[in-house]
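Trainee: next input, structure requested:
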Amino acid sequence: MNLGKSQRLLVFTASIALLAGLTTGCGGGNSGGKEPAASPGASATGSSSQSAESGGDPVKIKFAGWGDPSEKEVFTKLLKGFEEKYPTIKVEYLHIPADYVGKMNTILAGGDAPDVFYVPDGDFGRWVSQGLLHPIEDLVNGSSIDTGDMWESGLIRYRYDGAVNGQGPLYALPKDIGPTVLYYNKDLFTKMNVPFPSADTPMTFEQLLDTAKKLTIEENGKVKQYGMGPIWWEGFVLGNGGAFLSDDRREFLGNGTAAVEALQFAADLSNQHKVVPNAAALKDMNDSQMFQTGRLAMMITGRWMVPEFRKLAFDWDVAPLPVNKWAGWSGSVGLGIYSKSKHIEAAYKLVEYLGGPEGQKEQSLMGFAIPSFKSMAATDVFLQPGQKPEHAEVFIKAAENEVPGPWTNLPNAKWFDMLSQGLAPMWEGKKSAADVLNDLKPKIDAAIKEGNPAVFK
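Mentor: Next up, the predicted model:
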């Protein structure tokens, strides 16, 4: 999964958008609370008009996804392999390189969507609650997919029980999982005589601040080199023991002490300590560009940046998120089946192929994703010895400890969009984290109840 291009998933960069004026997410507008509609003409085990494996008349299905040219090339290859394995199934590939979610919303509203399509985890709740996805639990259980070998945090975000995400039957299979980690410029660390971050033990907040200060260079009152990139604050909250929602998903807890402390620390890194670029500094160059040009010593991002960073002239590596302990969030894109598909069996065969060992291997070899299967992640298919990063195992440990982002917890994620946007005064240094979050709590609680009525039944 190339999270940098995943539309809804990029809501995590709301803080960066507020800091830098970047337009990244495709959030908001989620309408939850509806019971999932039954798939017309299809049972949970499928109702294809022919056998998907052999015999019968040829069936043509459509598959939609996004991705840069390299991903498109890989999936074109995968689809060719699929058709060779299942000669009675032909696949039409709809590649949507830009505004995927916006265009899919239009297609889904038209009632004639592709049989199989990418489901960003941040849009899953809205789509499944609107009855747009076919349940696949029985299909998975009756297939070759070994869910016991898959990352639980990858599977759980595609479950839905009619009220909340994260429990109930499966409605999509993970295409991948994208842990977030700390990237660092080894050449800058060496040049400034700063020890490399540990690949085994996350830095504490205090250690992060100390390291970032040592790597920040200021000349004539202007910062020339920043020690740390923009903070992906959700992970800071989780790493500090904070929470966003109550266990029953009915109440916002983001104004709790642990969450407030983490967010205030994150804001202070830019406003008080000047080790993280603010909105003005990021106006002409984003964090990835600053890292690639040597103006940023450390930054947080996911596995999806590996192929691009492998082209860099300087040495770099990865370390755990600097959030006090192994914690944080991972991203993912799922493979879902349209609830109105007339070829459920054939569609699931494609989901099984792309989300199974064949598809996972080809995607992992590209370098931008960790496989959905734990056993495959522990092999050279993913670790790729001899290529950067040296400590690729950091991604595996991160996948074991990171959870789905908070925007995946409820079908209607308006509450999270409200939180992201409402933090602006804190990032700008105009109000404290405590004041901002206390002001937001009643508004967010109301948004949770209004947008997710099924949770309160």
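
Trainee: partner residues bridging the residue nearest to the spatial centre of the chain?
Mentor: Nearest to the mean C-alpha position of the chain, by Cα atoms, centre = their mean, lies Gly331 at 2.0 Å. For Gly331, the beta-bridge partners under DSSP bridges are Gly178.

Trainee: how close does it sit to Pro404?
Mentor: 8 Å (Cβ to Cβ, to the nearest Å). Just so you know, the C-beta spots here come from the backbone N, C-alpha and C atoms, and that holds for glycine as well.

Trainee: got a list of what the nearest residue to Leu440 once chain neighbours are set aside touches?
Mentor: Spatial nearest neighbour of Leu440, chain neighbours left out: Gly422 (4.6 Å); criterion: Cβ to Cβ, 6 or more residues apart in numbering. Neighbour list for Gly422: Val436, Asp439, Leu440, Lys443, Ile444 [criterion: Cβ atoms under 8 Å, 6 or more residues apart in numbering].

Trainee: can you read off the pLDDT for the nearest residue to the fourth one once chain neighbours are set aside?
Mentor: Spatial nearest neighbour of Lys443, chain neighbours left out: Met418 (6.3 Å); criterion: Cβ to Cβ, 6+ apart. Model confidence at Met418, given as pLDDT, is 98.

Trainee: hang on, isn't Met418 packed against Leu440?
Mentor: Yes. With contacts counted by Cβ atoms under 8 Å, Met418 reaches Leu440, the gap being 7.0 Å.

Trainee: measure Ala346 to Ile177 for me?
Mentor: For Ala346, the distance to Ile177 - Cβ to Cβ - is 26 Å.

Trainee: for Asn105, same thing?
Mentor: Applying Cβ to Cβ to Asn105 and Ile177 gives a distance of 24 Å.

Trainee: pick out whichever of those two has more residues nearby.
Mentor: More neighbours surround Ile177 than the other of Asn105 and Ile177, with 30 against 18 (other Cβ atoms under 10 Å).

Trainee: which residues does the more buried one contact?
Mentor: Met1, Trp151, Ser153, Gly154, Ser330, Gly331, Ser332, Ala369, Ile370, Ser372, Ala399.

Trainee: ok, and the closest non-adjacent residue to it?
Mentor: Using Cβ to Cβ, 6+ apart, the nearest residue to Ile177 is Gly154, at 4.2 Å.

Trainee: could I have the CA atoms of the helix or strand that contains that neighbour written out in CSV?
Mentor: For Gly154, the element it lies in under DSSP states H and E is helix 152-156. Extracted in CSV, the C-alpha atoms of helix 152-156 (Å, rounded to 0.1, in the frame of the first residue of the first chain):
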residue,chain,number,x,y,z
GLU,A,152,-4.7,-9.1,13.8
SER,A,153,-4.6,-5.3,13.6
GLY,A,154,-4.9,-5.6,9.8
LEU,A,155,-8.0,-7.8,10.0
ILE,A,156,-9.8,-6.1,12.8
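
Trainee: please identify the buried residues of it?
Mentor: Ser153, Gly154, Leu155, Ile156 (16 or more other Cβ atoms under 10 Å).
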